[in-house]
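1. Structural data only, the sequence is not supplied:
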């Protein structure tokens, strides 16, 4: 499972980081700093919650067997 | 930096701005069912301004009117209030969409009854692209890491205030905690002396809580306090210009192309946003917990759910009814909106009525996921959200550790005001001998 972030849609709520600081790193001013990341085993629920909490719907969860 | 480099940096900034702008303009959603969105609306009187009212009156009122409109297949309606009236969007997904489309819904008016305000608060009432530049200047001062560094002081302050309150056995939460706690942190944040707290609180009361009536005593007190606040910040700006510090005023002074009036406007906004909002949200949270024994006892027994409980209480009791102003004619929410019309976008309807929320009208303390809009959505997302969350978490956690059992004083009816919602008084009581 991977997360894909639309950084242009991010407005710095930082809810993703609250759900999963390991996956959703922030830049210096609190906007999500990654474009994509592989989700380590065991963190799938956190990753999903981070995506679902985003008010801007800026994060998608992509299964490994789906095209990116 | 030499000329070529700085030109390159400028070009990169412009390019980033352009990308962000395009994102802001991109339509996010279309009405869920085109046919039901055919122009169908009615005009009703809709008043979320006149108070005081018994606590939670406005929540019930907004939810009730929205339910009536929904039953008739409407996504929005027109309020007859004010000389021109204003639109009210009741559909949660469309409220969200409107916030994400500053090209159509301008922030040049955020109070529908006041379509042409005399003062443009920065950055709240500025539209992109200028808004984007302002946010870039201000963002470092509100970065999560910087706010996090303030947490130990914030928590210590919460503990100190609540311990002082605990021995009394009763409190007006609004007056003795809600107005003191955030204001003290605001002074710290702005690098101002704590001795100014009382003065700030008296200005805040005059500006935000005067019984408003054109030409009346309340209005006079409000204008006088506004003048004094400006004077105070004018002096502060002069002091920081002469002697820079590591604070917000210095940060803005060092940005290019900012004049003193702009900076004063930023300070005026921060004064309003920083002093009143957290206290108001906390008062609704405490009213809920004082009147819902299961939720209160759960928060005491499971303090680790406090961060989720903060989000859920924000979702259930948002204090903001956002306004916007149309930049062009458009059909939206089934309403024929015209250039210059004002629109009310009640956040509570997006939070409680959005399709994604099961049992949206219930408070589920550990609700997760919880995609709410109480700090806004789109480019005007609350700049102070990270600070507000730390303050609310510290206050609720410390309170329930120190005063686990409490209730609303017998025979006391908490009272609220409209416009930006808030409680005027919330009397709580507990057994201080245990």
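-> That came through, no problem. Quantities reported herein were computed from a predicted structural model and do not represent experimental measurements.
2. Count the neighbours of residue 55 for me.
-> No chain specified, so I'll use chain A. For residue A:55, the neighbour count with other C-beta atoms under 10 Å in any protein chain shown is 21. The C-beta positions use only the backbone N, C-alpha and C, and glycine is treated the same way.
3. Correction: the question concerned chain B.
-> 22.
4. Once you drop chain neighbours, what's closest to it?
-> residue B:414 (3.9 Å; C-beta to C-beta, 6 or more residues apart in numbering or on different chains).
5. list the contacts for that neighbour?
-> B:54, B:55, B:287, B:408, B:423, B:424, B:425, B:426, B:427 (C-beta atoms under 8 Å, 6 or more residues apart in numbering or on different chains).
6. Kindly report the same for residue B:287.
-> B:55, B:56, B:408, B:414, B:423, B:426.
7. can you redo the contacts of residue B:414 as a markdown table with distance to residue B:153 and pLDDT?
-> Shown next, in a markdown table, are the contacts of residue B:414 (distance: C-beta to C-beta, whole Å; pLDDT from 0 to 100):
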| residue | distance to residue B:153 | pLDDT |
| --- | --- | --- |
| B:54 | 36 | 96 |
| B:55 | 31 | 96 |
| B:287 | 27 | 98 |
| B:408 | 30 | 98 |
| B:423 | 26 | 95 |
| B:424 | 29 | 92 |
| B:425 | 28 | 94 |
| B:426 | 25 | 97 |
| B:427 | 29 | 98 |
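8. helix, strand or coil for residue A:3?
-> strand (DSSP: H, G, I helix; E, B strand; the rest coil).
9. So what pairs up with it in the strands?
-> residue A:37, residue A:61 (DSSP bridges).
10. What residues of the lengthiest helix in chain A count as buried?
-> Secondary structure of chain A per DSSP state H: the longest helix is helix A:44-53. By 16 or more other C-beta atoms under 10 Å in any protein chain shown, the buried positions in helix A:44-53 come out as A:46, A:47, A:48, A:49, A:50, A:51, A:52, A:53.
11. Can you name the residues in contact with that helix?
-> Contacts for helix A:44-53 (C-beta under 8 Å, 6+ apart): A:1, A:3, A:15-20, A:22-24, A:39, A:59-61, B:368-371.
12. what's around the closest residue to residue B:177 other than its chain neighbours, how many residues?
-> In space, and not counting its chain neighbours, residue B:177 is closest to residue B:161: 6.1 Å by C-beta to C-beta, 6+ apart. By the measure other C-beta under 10 Å, the count of residues near residue B:161 is 20.
13. Next, the buried residues of the helix or strand harbouring residue B:161.
-> Using DSSP states H and E, residue B:161 maps to helix B:144-166. Across helix B:144-166, burial judged by 16+ other C-beta under 10 Å covers B:144, B:146, B:147, B:150, B:154, B:155, B:157, B:158, B:159, B:161, B:162, B:165.
14. So which bits of chain A are right by chain B?
-> With C-beta under 8 Å from any C-beta of the partner chain as the criterion, chain A meets chain B at residues A:6, A:8-9, A:11-15, A:17-19, A:26, A:28-30, A:49, A:52-57.
15. Mind doing that once more with 6 Å?
-> Where chain A comes near chain B, counting by C-beta under 6 Å from any C-beta of the partner chain, the residues are A:8, A:9, A:11, A:13, A:14, A:29, A:30, A:49, A:52, A:53, A:55.
16. Serialize those to TSV and add fields for pLDDT and secondary structure.
-> Supplementary listing: the residues of chain A next to chain B in TSV, determined by pLDDT from 0 to 100; DSSP: H, G, I helix; E, B strand; the rest coil:
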residue	pLDDT	secondary structure
A:8	94	helix
A:9	97	helix
A:11	97	coil
A:13	98	coil
A:14	97	coil
A:29	95	coil
A:30	95	coil
A:49	96	helix
A:52	97	helix
A:53	97	helix
A:55	97	coil
